[in-house]
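Engineer: take this sequence and fold it.
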Amino acid sequence: MGKTLVVRPLVDRCGPPLVVSKIYCLGPANEIGQIPMNSGEEISPCARAESQWLAPISARPTNRGRQAMPSDEATRFVRVEFSRFKAFKRFSLSLRHFNILVGPNNAGKSTILAAFRILAAGMRRANNRKAEVINGPKGMGLTHGYQIDLSSISVAEENLFYNYDDSESATVRFVLSNSNELILYFPEQGTCYLIANSDSRSSFTPSTFRSHFNCRIGFVPILGPLEHNENLYESEAARLALFNYRAARNFRNIWHHFPEKFDEFRAALIRTWPGMDGKRGADALQIVCA
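Structural biologist: Next comes the predicted model:
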């Protein structure tokens, strides 16, 4: 199995707001857990209450007993190239085994995160559908791609093009450690395709796509205050909330419809937040001071 790129929020107490408001950390997940909660001074003098961790991790062993692939053997992202996408007219980012992105507001950190968020949606589609024939970027001609529904992603669609200029297409190219490439192609406002390239091949079945691009992406939503009361929604609404800012507003709905990992969540809550406990009943969910 490949690596999983996980966005994990970190919340801590912090002093007055400083210049840097967010940091993103890219690296193996087993190293994220080794970074102490009060390590802001060691990384950057940032407002830690707004920080997020971004990291690819090796797949953990499953309950079937399969072993995780060593991190140095798993497929990972090694380079990202931006062309006319959001904050970047031209920009490239080389990724090592572990990376930390630090910058002031409007430096482009959220642009990088948005690209991975759109890529994750495209890969979910490619894992379940065959590619269709499309007109690719300039110089590529006819190729195969997967259309991505941008309306289902927590990304502002009105500013996907650099400087709001959609007279030319935008692209984001992701290069993997096995030299395969994934390209996000934005030919016009509101339209996006994922193009997968491996040895000049662009047409894949879901199974062959997974074998060539075994680098999953997962998101842990940004933490926020919980709603005092929640209306009960259908399971699909709760599932979609996992991928955007509505997660905190649907906290009870998520555990109501997807309770399989609740005991694991409760154990982590008790271990990392002294005095707190979580209890899930048939019709209620409580987070209480023990």
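Engineer: buried stuff in the one helix or strand residue 239 maps to?
Structural biologist: Secondary structure from DSSP states H and E places residue 239 in helix 235-241. For helix 235-241, burial by neighbour count (16 or more other CB atoms under 10 Å) applies to 238, 240-241. Yep, even glycine has a C-beta here, placed from its N, CA and C like the rest.
Engineer: what sits up against stretch 172-182?
Structural biologist: Residues outside stretch 172-182 that contact it (CB atoms under 8 Å, 6 or more residues apart in numbering): 75-83, 85, 115, 118-119, 122-123, 183-184, 194-198, 212-213, 215.
Engineer: and stretch 177-195, how far out from the chain middle?
Structural biologist: Centroid separation between stretch 177-195 and its chain, computed with CA atoms, centre = their mean, to the nearest Å, is 16 Å.
Engineer: what's the answer for stretch 127-134, then?
Structural biologist: Mean C-alpha position of stretch 127-134 versus that of the full chain (CA atoms, centre = their mean) differs by 22 Å.
Engineer: and what of stretch 150-158?
Structural biologist: 14 Å.
Engineer: same thing with stretch 177-196?
Structural biologist: 16 Å.
Engineer: list the buried ones in the longest helix along the chain?
Structural biologist: Longest helix of the chain, by residue count under DSSP state H: helix 109-126. Neighbour-count burial for helix 109-126, counted by 16+ other CB under 10 Å, picks out 109-126.
Engineer: distance-wise, check residue 248 relative to residue 225.
Structural biologist: 6 Å (CB to CB, to the nearest Å).
Engineer: hmm, I was thinking of residue 78
Structural biologist: 38 Å.
Engineer: same question for residue 146.
Structural biologist: From residue 146 to residue 225 the distance is 36 Å (CB to CB).
Engineer: neighbour count for the two, which is higher?
Structural biologist: The neighbour comparison of residue 146 against residue 225 (other CB atoms under 10 Å) goes to residue 146, with 24 against 8.
Engineer: ok, the more buried one touching residue 128?
Structural biologist: No: using CB atoms under 8 Å, residue 146 makes no contact with residue 128, being 9.6 Å away.
Engineer: mind listing residues that contact the helix holding residue 239?
Structural biologist: The contact list for helix 235-241 (CB under 8 Å, 6+ apart) reads 152, 246-247, 249-250, 253-254, 256-258.
Engineer: what mean pLDDT does stretch 113-127 have?
Structural biologist: Averaged over stretch 113-127, pLDDT sits at 92.
Engineer: what about it, distance to the chain center?
Structural biologist: Stretch 113-127 has its C-alpha centroid displaced from the chain centroid by 8 Å (CA atoms, centre = their mean).
Engineer: can you list contacts of that stretch?
Structural biologist: 5, 7, 24, 52, 54, 80, 82, 85-86, 146-150, 152-155, 172, 174, 182, 184, 192-194, 196, 204, 206, 209-210, 213, 216-219, 243.
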